[in-house]
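[1] Sequence first, then the predicted structure, then my questions.
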Amino acid sequence: KALALGLRPIVVVNKIDRQDARSQEVLDEVFDLFVSLGANDEQLDFPVLFASGRNGYAGDTCSVREGTLKPLFEKIVEHVPPPSADPDGPFKFLVTLLDRDNFLGRILTGLVFSGSIKVNAPIHAIDSDGNVIETGRASKILAFRGLERVPVDEAQAGDIISTAGLTQATVANTIADPSVSEPLHAQPIDPPTLSMRFAVNDSPMAGREGTKVTSRMIRDRLFREAESNVAIKVTESADKDSYEVAGRGELQLGVLIETMRREGFELGISRPRVLFREGENGREEPYETVVIDVDEEYSGTVVEKMAIRKAELTDMRPSGGGKTRITFSAPSRGLIGYHGEFLSDTRGTGIMNRLFEKYGPHKGNIEGRKNGVLISNGAGEAVAYSLGPLEERGILFVGPGEALYEGMIIGENAKTDDLGVNPMKAKQLTNFRASGGKDDAIRLTPPRKMSLEQAIAYIDDDELVEVTPQNIRLRKLHLDPHERKRASRAKAA
């Protein structure tokens, strides 16, 4: 986005003091990256500095090993043009960052393009179409002094400031004097492409591990996140016990879930769902540009797997060092759950980058998980005696001694349908001695333990991920088998 705005970059190659530093190779890779991103000749003629941030020095050559960071600051002053501000015009301020303070409320940060503003001056917010979003007063003005924000009484054109006093304005809005009706030009915000349902944990083990388990706590936390994260959209459901959270991908939503888990929340998370829309040619879905750097020996596997997920190959070229750079245009729906499979296919050496591209025509059905699951039909602790025979049915997710409940998913079935099993069955005690030490011969394969991202990508539409501070469990949406059958019949009808 910075290159699209015409900004001229300064490239700083850091960590040049390391023994395995490859400064020139990194510089060549940065140049190739800028070319692939469509930089013009002026942007490609960028100044370069070599630095070691930890040791506090920078210089024009990669051989520098002492000094200060003064050359970096001098280069910024020399290369970055002064702001093209209009000090005599009406006040105009473009919001580029969003933050929240417990005392001041919503804080908007950006650059003052024209005019000046004083504390308690009347202002209003307008969107990119010129519609007034809200009016208010600048209750607080904060300027940046080094890394700190300090309150000031007045800000001038060219200043980067933060202001409080508005509650609905967001990134890319123009904050201006009430007499201004023409908004400043701003880069549009990429829309959310995926959504998940965050629900109260209603499993039999709810409340045992977390400290924040009520819907009110979950609601407050999600809306607080939406205040400072412009890419997150939160919608409350009709039953008030769940919330639809939309974001720009499973990684972003996965980070939010992991953060909440560490804060002590217990949640039930649904399968990611792509946000469709109706366009001129019917139903449309989000597409992403996927750039993959992979060893040449794995490129065929990656192309084959992406083709199954309805991705279109747009570019393929060698990137040096035995690696190939492959670019795809892929529907976001097909990329759900692929990252873990991609790392396995490339033995952990592949690198994948994704960027929202457009809304395009619906690609039709994309094949999902083929196998069914093994479901516990009771509550208790898993027993090795019963898990042994179940290994023949598929892959287990639990080990002996783990607490289970009815409706919990304990493994993957080798067949396509779901199977209810009893993993708590113990050997009947009799006065007959087992022959040949048969009871001691149970050898279980270590269970497959999933990370949060793998679990979210694995589940189907009728399943949930139970997230607690200590465990990540998979379960059916309906724990009772009779309710599952009724829901299945209703869906088929």
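    Looks like it arrived, so ask away. Residues are numbered from 1 along each chain as shown.

[2] Could you list the buried residues of whichever strand in the chain runs longest?
    If you go by DSSP state E, the chain has its longest strand at strand 282-295. For strand 282-295, a neighbour-count test (16 or more other C-beta atoms under 10 Å) marks 284-294 as buried. To be clear about C-beta, it is placed using only N, CA and C from the backbone, and glycine gets the same treatment.

[3] any idea which helix or strand comes after it?
    Next helix or strand after strand 282-295 toward the C-terminus (DSSP states H and E): helix 299-308.

[4] In contact with the closest residue to residue 270 other than its chain neighbours, which residues?
    Closest residue to residue 270 apart from its sequence neighbours, by C-beta to C-beta, 6 or more residues apart in numbering: residue 197 at 3.9 Å. Each residue near residue 197 by C-beta atoms under 8 Å, 6 or more residues apart in numbering is listed here: 237, 242-245, 268-270.

[5] quick one: which of the residues you listed is nearest to residue 192?
    Taking C-beta to C-beta as the measure, residue 192 lies nearest residue 245 of the contacts of residue 197, at 9.0 Å.

[6] Give me the below-cutoff pLDDT ranges for the stretch 301-450 of the chain.
    Applying pLDDT under 70 to the stretch 301-450 of the chain flags residues 320, 431-441.

[7] circling back: strands paired with the longest strand of the chain, and their directions?
    strand 277-279 (antiparallel), strand 323-331 (antiparallel), strand 351-361 (antiparallel) (DSSP bridges).

[8] what comes up buried for the last one?
    Judged by neighbour count using 16+ other C-beta under 10 Å, the buried positions of strand 351-361 are 352, 354, 356-357, 359.

[9] Taking those residues, tell me the two that lie furthest apart.
    352 and 359 (21.5 Å).

[10] want to throw the strands paired with strand 282-295 into TSV with distance to residue 6?
    Below are those laid out as TSV (distance: least, C-beta to C-beta, whole Å):
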stretch	distance to residue 6
strand 277-279	30
strand 323-331	24
strand 351-361	19
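
[11] Any idea which of these gets closest to residue 340?
    Comparing the strands paired with strand 282-295 by their distance to residue 340 (C-beta to C-beta), the top pick is strand 351-361, with 11.0 Å.

[12] With just CA atoms, put the closest one into PDB.
    Included here for strand 351-361 are C-alpha records, laid out as PDB according to Å, rounded to 0.1, in the frame of the first residue of the first chain:
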ATOM      1  CA  ILE A 351       6.900 -19.900   2.900                       C
ATOM      2  CA  MET A 352       3.300 -18.700   2.100                       C
ATOM      3  CA  ASN A 353       2.100 -15.100   1.900                       C
ATOM      4  CA  ARG A 354      -1.500 -14.200   1.400                       C
ATOM      5  CA  LEU A 355      -3.100 -10.900   0.400                       C
ATOM      6  CA  PHE A 356      -6.800 -10.000  -0.300                       C
ATOM      7  CA  GLU A 357      -7.200  -9.500  -4.100                       C
ATOM      8  CA  LYS A 358     -10.900  -9.100  -5.000                       C
ATOM      9  CA  TYR A 359     -14.400 -10.500  -4.900                       C
ATOM     10  CA  GLY A 360     -14.800 -12.800  -7.900                       C
ATOM     11  CA  PRO A 361     -17.300 -15.400  -9.200                       C
END
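
[13] Adjacent strands (with direction) for the following helix or strand past that strand?
    Next helix or strand after strand 351-361 toward the C-terminus (DSSP H and E): strand 373-376. Counting by DSSP bridges, the strands paired with strand 373-376 are strand 408-413 (antiparallel), strand 419-421 (parallel).

[14] chain center to the helix or strand just after strand 373-376: distance?
    As assigned by DSSP H and E, the chain's next helix or strand after strand 373-376 is strand 380-381. Distance of strand 380-381 from its chain centroid, counting by C-alpha atoms, centre = their mean, to the nearest Å, is 35 Å.

[15] Starting from strand 380-381, tell me which strands it pairs with and how they run.
    strand 403-404 (antiparallel).

[16] For the stretch of helix or strand residue 389 belongs to, buried residues please.
    According to DSSP H and E, residue 389 maps onto helix 384-390. Within helix 384-390, the residues scored as buried using 16+ other C-beta under 10 Å are 384-387, 390.

[17] all strands of the stretch 151-300 of the chain, in order?
    Taking DSSP state E, counting those that start in this stretch as the test, the strands found in the stretch 151-300 of the chain are 154-156, 160-164, 174-176, 194-200, 233-236, 242-247, 267-269, 273-274, 277-279, 282-295.

[18] quick one: the longest one to helix 299-308, angle?
    Using axes from the mean of the first three to the mean of the last three C-alpha atoms, to 10 degrees, the inter-axis angle of strand 282-295 relative to helix 299-308 is 170 degrees.

[19] who's in contact with residue 257?
    Residue 257 makes contact with 198, 267, 269, 452, 456, 467 under the criterion C-beta under 8 Å, 6+ apart.

[20] which one of those sits closest to residue 425?
    residue 467 (28.8 Å).

[21] which residues sit in contact with that closest one?
    If you count contacts by C-beta under 8 Å, 6+ apart, residue 467 has them with 201, 257, 260-261, 265-269, 452.

[22] Would you reformat these as a markdown table and include pLDDT and distance to residue 24?
    What follows is the contacts of residue 467, written out as a markdown table (pLDDT from 0 to 100; distance: C-beta to C-beta, whole Å):
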| residue | pLDDT | distance to residue 24 |
| --- | --- | --- |
| 201 | 92 | 53 |
| 257 | 93 | 41 |
| 260 | 94 | 44 |
| 261 | 94 | 43 |
| 265 | 94 | 47 |
| 266 | 94 | 51 |
| 267 | 93 | 48 |
| 268 | 93 | 51 |
| 269 | 93 | 46 |
| 452 | 88 | 39 |
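
[23] All set now, cheers.
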